[in-house]
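**Student:** no FASTA, just this:
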Ligand code: NCD
């Protein structure tokens, strides 16, 4: 199925691509996200999904995507079953995606799937009896990440009196294999007047069709020769890890040191820029990623992104399962515990 043929995301629908959102759809999802934030932050307890079961099927490594989808479902009062990796599923015995999906969807109310092949999650969706949410299909899309990134971007710019419309965003790193960048740029295209300042090392450049996609919708794309050039004058920088697991060739020797560090931000006079990254950040020596010496800068938003992943994913589940805010409110109760460190 091409993106254009996908129906808007809503009750009883799969989430496969960010192309399922227009501006009103995004506003509705973000309003729901705000409404469930007290539950996400564990200020109150909700049992609206009591009796519902999520199955998460992750055939690629994941920490925050799987745990935040699962935590989101648990915070709504549902139950979670999980299978991770090919080894512990019958796919190791040669079972097809279609059979696996049909079987598991008979046990559960919603599936969250991550798989290394582009287009594979759409195959799961085709055979499933219940909504399937795409948690990353190879170098294809990662729609829930783009949604939480956009939600975070809107909030961070909002605290600075800015909007996504008209902003300048530097996107740097592995723009070729980084699916979060592909989904984010496609989603941001529904806003207006954005300037994208791109920097990617040789052989890791953004696929042309994505640059064309945003240009056709009236946005500006500027290709920069360095990370310093890209962040100069930008409101936000979105940095990404080199996706070594998707590369067959050796890394070029130029990929040494940091992709972006504090000295580069000082050189670009950009030390108050909003700093985003989908994470994980590769902390090994010479990993060519965002350096940790930026962590005490005021615009660091990487952990706001991870925190926002919970309410955004709660809103996705409520939407797919057709649950209203009123139904959520009816089940709210005070939490009897206090988990803060003292
Ligand atoms: C990203 C992914 O899996 O695409 N991680 C995530 O879900 N937050 C980015 C990455 O792995 O680099």
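**Tutor:** Structure received. Everything numeric in this text was worked out from a predicted model, so none of it was measured.
**Student:** which bits of this structure sit near the ligand?
**Tutor:** Contact residues, the chain versus the ligand (CB under 6 Å from any ligand atom): 64, 65, 136, 142, 145, 179, 180, 241, 243, 278, 279, 280. Glycine gets a C-beta too; all of them are placed from N, C-alpha and C.
**Student:** Could you check the pLDDT of the residue positioned nearest the centre of the chain?
**Tutor:** Geometric centre of the chain, nearest residue: residue 145, 0.7 Å, by CA atoms, centre = their mean. On pLDDT, residue 145 comes in at 98.
**Student:** Which positions in the helix or strand that contains it come out as buried?
**Tutor:** Per DSSP states H and E: residue 145 is located in helix 143-159. By neighbour count on 16 or more other CB atoms under 10 Å, the buried set for helix 143-159 is 143-154, 156-157.
**Student:** From those residues, pick the one nearest the ligand.
**Tutor:** Of all the buried residues of helix 143-159, residue 145 has the smallest distance to the ligand: 5.2 Å, by CB to the nearest ligand atom.
**Student:** OK, contacts around that closest one?
**Tutor:** 65, 136, 180, 183, 184, 278, 309 (CB atoms under 8 Å, 6 or more residues apart in numbering).
**Student:** any idea how far residue 143 lies from residue 136?
**Tutor:** According to CB to CB, to the nearest Å, residue 143 and residue 136 sit 9 Å apart.
**Student:** Ok, residue 177 next?
**Tutor:** Taking CB to CB, one finds residue 177 at 12 Å from residue 136.
**Student:** Can you pick out the residue with more neighbours from these two?
**Tutor:** residue 136 (25 against 20; other CB atoms under 10 Å).
**Student:** I figured that one hits residue 118, correct?
**Tutor:** No: judged on CB atoms under 8 Å, residue 136 makes no contact with residue 118 at a distance of 10.1 Å.
**Student:** all strands of the stretch 51-200 of the chain, in order?
**Tutor:** 53-58, 79-84, 110-115, 132-137, 168-172, 195-199 (DSSP state E, counting those that start in this stretch).
**Student:** TSV for those strands, including distance to residue 214?
**Tutor:** As requested, the strands of the stretch 51-200 of the chain are exported to TSV (distance: least, CB to CB, whole Å):
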stretch	distance to residue 214
strand 53-58	30
strand 79-84	34
strand 110-115	25
strand 132-137	21
strand 168-172	11
strand 195-199	6
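**Student:** Can you flag the weakest of those by average pLDDT?
**Tutor:** strand 79-84 (a mean of 91).
**Student:** buried sites along that strand?
**Tutor:** For strand 79-84, burial by neighbour count (16+ other CB under 10 Å) applies to 80, 83, 84.
**Student:** in its sheet, what does that strand sit against?
**Tutor:** strand 53-58 (parallel) (DSSP bridges).
**Student:** What are the contacting residues of the strand it pairs with?
**Tutor:** The contact list for strand 53-58 (CB under 8 Å, 6+ apart) reads 65-66, 69-70, 73, 78-85, 89, 100, 104-105, 107-115, 124, 135, 317.
**Student:** Residue 122 - nearest residue in space that isn't next to it in sequence?
**Tutor:** Leaving aside its sequence neighbours, residue 122 sits nearest to residue 16 (CB to CB, 6 or more residues apart in numbering; 5.4 Å).
**Student:** okay but that neighbour is in contact with residue 123, surely?
**Tutor:** No: the pair residue 16 / residue 123 is not scored as a contact, 10.3 Å apart, by CB under 8 Å.
**Student:** of these two, who's got more company?
**Tutor:** residue 16 (24 against 19).
**Student:** Quick check: the gap between that one and the ligand.
**Tutor:** Residue 16 is 15 Å from the ligand, where distance means CB to the nearest ligand atom, to the nearest Å.
**Student:** now residue 301
**Tutor:** 14 Å.
**Student:** Now for that residue, how many residues are close by?
**Tutor:** For residue 301, using other CB under 10 Å, the count is 22.
**Student:** Would you mark the buried spots in stretch 58-67?
**Tutor:** So for stretch 58-67, counting by 16+ other CB under 10 Å, buried means 58, 59, 60, 62, 64, 65, 66, 67.
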